[in-house]
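Engineer: 3D model of this:
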Amino acid sequence: LQERIEGLGDHEIVVPNEDNRRWTWFVGHAVERFELWCKSTCNKPCEIGDLLTLHLPPVDVFMVWHSYSLNPAWYQEDVKRVPLLKFLQNLGCLFEMHAENMVSYLVSDPSDTRVGEWTDSTQLPFDPIESAKTLVTRTITCPSCQKDLTVPLSNDDNTGYLQRNFLARCRSGSQCPEINKFKLAAEKLAEDLSINVPCNNMRDYQRYLAGTLYTPVVPYDYEQARDIKNTILQAPKFHQPNGTHYSLSPVNQPHRVRSDEKPEPAHHEWESAILRRVNFSMGVMDRVIRRSMGNDVKSLLRLMSAYTDDKPWSIDLVSAVLRQRSFVEKMESLGWTGPLFLDDADGERILERAIQRYHNFLDLVQGLSSSLFLVPTLDIDLVWHTHQLMASKYEGNCMRFLRRFLDHNDNVEQQDLFLAFQKTCRAWKSRFKVPYNQPQRELKGKGEDDSEKYSRLIEVATDTAELITNIANDRTNCWASCGVAGGNNYGDCGSGAGCGGGGGGCGSSGGCGGGGGCGGGGGG
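Structural biologist: You can find the predicted model right below:
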């Protein structure tokens, strides 16, 4: 798919000239299509017999879903927390049952039935290239007057929605201030603060703040999420329109309205009051929340990293997809993506060995302190990726065998990654009495090429630090040259939480001090 995009001629579609800009541009469109698919599918009944023939999305949309799933702590929290995304949990379970047939459906020509279902639902062509000719705008909501307006995804001024310097002006005639990503993020956070609908089951309470529901030991810690939101709602700038403080009811305790209690204001009214008090500034909201949360820096950074735009999910999905590029290229260079790889006995043996090493990796995770950050090699990370794609089973296996949820953090600083890899090597050697980055020579005599290939597969982890640096530089260059939106700092105050939202958010938030890290795989 990437080769197809980078090989497009100028006469086919207007795209950036440089290859890296073309792919980034395309991924931005794929994320838009993923959102439209979610909106058109979330309320549809899904029969298991119609799954592949009707509900399997195009390959670019599936690519985005795949990358989203490889950030399991954020993904699992979002599908529980955000109504629009809850259908992904059920749909994912159904797709697990069809995993063996799914690849053939993705790479073969789609049936007329599948194309028709997609087109009727999204009003877009099935083919992503044809869709790019049609999908040129996006509807956003003005944070000031709450009116919808249509903005271009890109333009010659680099102020389109998918570009770095996004800027829009509301045309409602209400003298609204200019709109940028920071103001859209402020509106998203104000909405999450103001939507609090009493119900009999507090676990379905709407809505918890992003980044507050997940903990390694309790993947869905509703009490923690409630306490954090209540703490933040105590700030005067987040009070209800009449100035009173609102507090969530205890978990699983219904909200009983007193006879003298006034009805809760419509959340749009409350949301607007919050935005006016903070002057539509994400920077002001950041400072208020910092004061509310005190010394809990880790929770603060995780929470604020989720509010960078108006998207329903909590991570930058464009960056998440781009981070997978190097991992896929490594797999391709090793021949693991070839159509005949599994037809060869040696190929199957290599995969069996990789699965065994992944089990050993989990054994190491289970036996060591959760504060130790472990880094997988490429072969281990490939199996780990596969496990994460079976989201419900992954969560259950983690809690059953590890007694905690193992996050997968593919957004780690170079020096931290290098030091963590050295610690992983020492821990592996101590536990299993064999070197971590040298394979057992069970393939010796079965073909030198395969043995050498497997050696490269495992030893490539020693190049991880360099790989991380290259990916980070590539992403920065893409943002700078192409203007595709990226980054998390709140430019309106300079004090924003610039925490990467692509992997596990905070480095120590999951599993082995960040979820076991991501090593040479996981996109780098």
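Engineer: do a quick rundown of the helices in the stretch 51-200 of the chain.
Structural biologist: 59-69, 72-81, 87-97, 99-107, 112-122, 128-134, 181-194 (DSSP state H, counting those that start in this stretch).
Engineer: by how many degrees do the last one and helix 72-81 diverge?
Structural biologist: This means helix 181-194. Relative orientation of helix 181-194 versus helix 72-81 (axes from the mean of the first three to the mean of the last three CA atoms, to 10 degrees): 60 degrees.
Engineer: could you name the helices and strands sitting against helix 181-194?
Structural biologist: When contacts are defined as 3 or more CB pairs under 8 Å, 6 or more residues apart in numbering; DSSP states H and E, helix 181-194 packs onto helix 222-233, helix 267-277, helix 282-293. Just so you know, the C-beta spots here come from the backbone N, C-alpha and C atoms, and that holds for glycine as well.
Engineer: relative to residue 361, which of those helices is closest?
Structural biologist: Residue 361 lies closest to helix 222-233 among these, at 28.3 Å (CB to CB).
Engineer: quick one on the thing from earlier: flag whichever of the helices of the stretch 51-200 of the chain has the least confidence on average.
Structural biologist: For the helices of the stretch 51-200 of the chain, mean pLDDT drops lowest on helix 99-107, to a mean of 79.
Engineer: quick one, that one and helix 112-122 angle?
Structural biologist: Using the same axes, to 10 degrees: helix 99-107 against helix 112-122 is 80 degrees.
Engineer: list the helices and strands helix 99-107 packs on?
Structural biologist: helix 59-69.
Engineer: can you show me the CA trace of the helix it packs on as CSV?
Structural biologist: Extracted C-alpha coordinates of helix 59-69, given in CSV (Å, rounded to 0.1, in the frame of the first residue of the first chain):
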residue,chain,number,x,y,z
VAL,A,59,-7.2,-2.1,4.1
ASP,A,60,-6.2,1.5,5.0
VAL,A,61,-8.9,1.7,7.7
PHE,A,62,-7.9,-1.7,9.0
MET,A,63,-4.3,-0.5,9.1
VAL,A,64,-5.3,2.3,11.4
TRP,A,65,-7.3,0.0,13.6
HIS,A,66,-4.4,-2.4,13.8
SER,A,67,-2.0,0.4,15.0
TYR,A,68,-4.6,1.5,17.5
SER,A,69,-4.8,-2.0,18.9
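Engineer: can you point out the buried residues in it?
Structural biologist: Neighbour-count burial for helix 59-69, counted by 16 or more other CB atoms under 10 Å, picks out 59-69.
Engineer: which of these sits closest to residue 211?
Structural biologist: residue 68 (15.5 Å).
Engineer: check contacts around the spatially closest residue to residue 274 that is not a sequence neighbour.
Structural biologist: Spatial nearest neighbour of residue 274, excluding adjacent residues (CB to CB, 6 or more residues apart in numbering): residue 190 at 4.3 Å. Taking CB atoms under 8 Å, 6 or more residues apart in numbering as the contact definition, residue 190 lies against 143, 271, 274-275, 278, 285.
Engineer: what subset of these is buried?
Structural biologist: Neighbour counting with 16+ other CB under 10 Å marks 143, 271, 274-275, 278, 285 as buried within the contacts of residue 190.
Engineer: just give me how far stretch 347-359 sits from the chain centre.
Structural biologist: 27 Å (CA atoms, centre = their mean, to the nearest Å).
Engineer: actually stretch 222-241, not the one I wrote
Structural biologist: 25 Å.
Engineer: next: stretch 187-194.
Structural biologist: Its chain's C-alpha centre lies 20 Å from the corresponding centre of stretch 187-194 when counted by CA atoms, centre = their mean.
Engineer: repeat that for stretch 324-334.
Structural biologist: Computed by CA atoms, centre = their mean, the chain-centroid distance of stretch 324-334 equals 20 Å.
Engineer: and that stretch, what's its mean pLDDT?
Structural biologist: For stretch 324-334, the per-residue pLDDT averages 87.
Engineer: show me what counts as buried in that stretch.
Structural biologist: 324-327, 330-331, 334.
Engineer: gap between stretch 143-158 and the chain center?
Structural biologist: Taking mean C-alpha positions (CA atoms, centre = their mean), stretch 143-158 and its chain are 24 Å apart.
Engineer: run through who's touching that stretch.
Structural biologist: 25, 28-29, 32, 135-142, 160-166, 168, 170-172, 174, 176-177, 179, 183-184, 186-187, 190, 268, 272, 275, 280, 483.
Engineer: Provide a ChimeraX selection command restricted to the buried entries of the residues you listed.
Structural biologist: ChimeraX command restricting those to the buried ones, with burial defined by 16+ other CB under 10 Å:
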select :25,28,29,32,135,138,140,141,142,160,161,162,163,164,166,168,170,176,179,183,184,186,187,190,272,275,280,483
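Engineer: quick one: which of the contacts of stretch 143-158 sit in strands?
Structural biologist: Among the contacts of stretch 143-158, the residues falling in strands (DSSP state E) are 137-141.
Engineer: domain parsing of the chain, as residue ranges.
Structural biologist: For the chain, automatic domain parsing gives the domain ranges 2-138, 179-255+263-305, 317-482.
Engineer: lowest mean pLDDT across those, which one is that?
Structural biologist: Among the domains of the chain, domain 317-482 scores lowest, with a mean of 76.
Engineer: about what we covered before: turn the helices and strands packed on helix 181-194 into a markdown table, including distance to residue 97.
Structural biologist: Below are the helices and strands packed on helix 181-194 laid out as a markdown table (distance: least, CB to CB, whole Å):
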| stretch | distance to residue 97 |
| --- | --- |
| helix 222-233 | 29 |
| helix 267-277 | 38 |
| helix 282-293 | 42 |
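Engineer: quick one: closest of these to residue 367.
Structural biologist: Judging the helices and strands packed on helix 181-194 by CB to CB, what sits closest to residue 367 is helix 222-233, at 26.6 Å.
Engineer: would you tell me which of the helices of the stretch 51-200 of the chain gets closest to residue 219?
Structural biologist: Closest among the helices of the stretch 51-200 of the chain, using CB to CB: helix 72-81, at 6.0 Å.
Engineer: now do the closest one and helix 87-97, the angle between them.
Structural biologist: Using the same axes, to 10 degrees: helix 72-81 against helix 87-97 is 120 degrees.
Engineer: mind checking how far helix 72-81 is from the chain centre?
Structural biologist: That offset, for helix 72-81, works out to 9 Å (CA atoms, centre = their mean).
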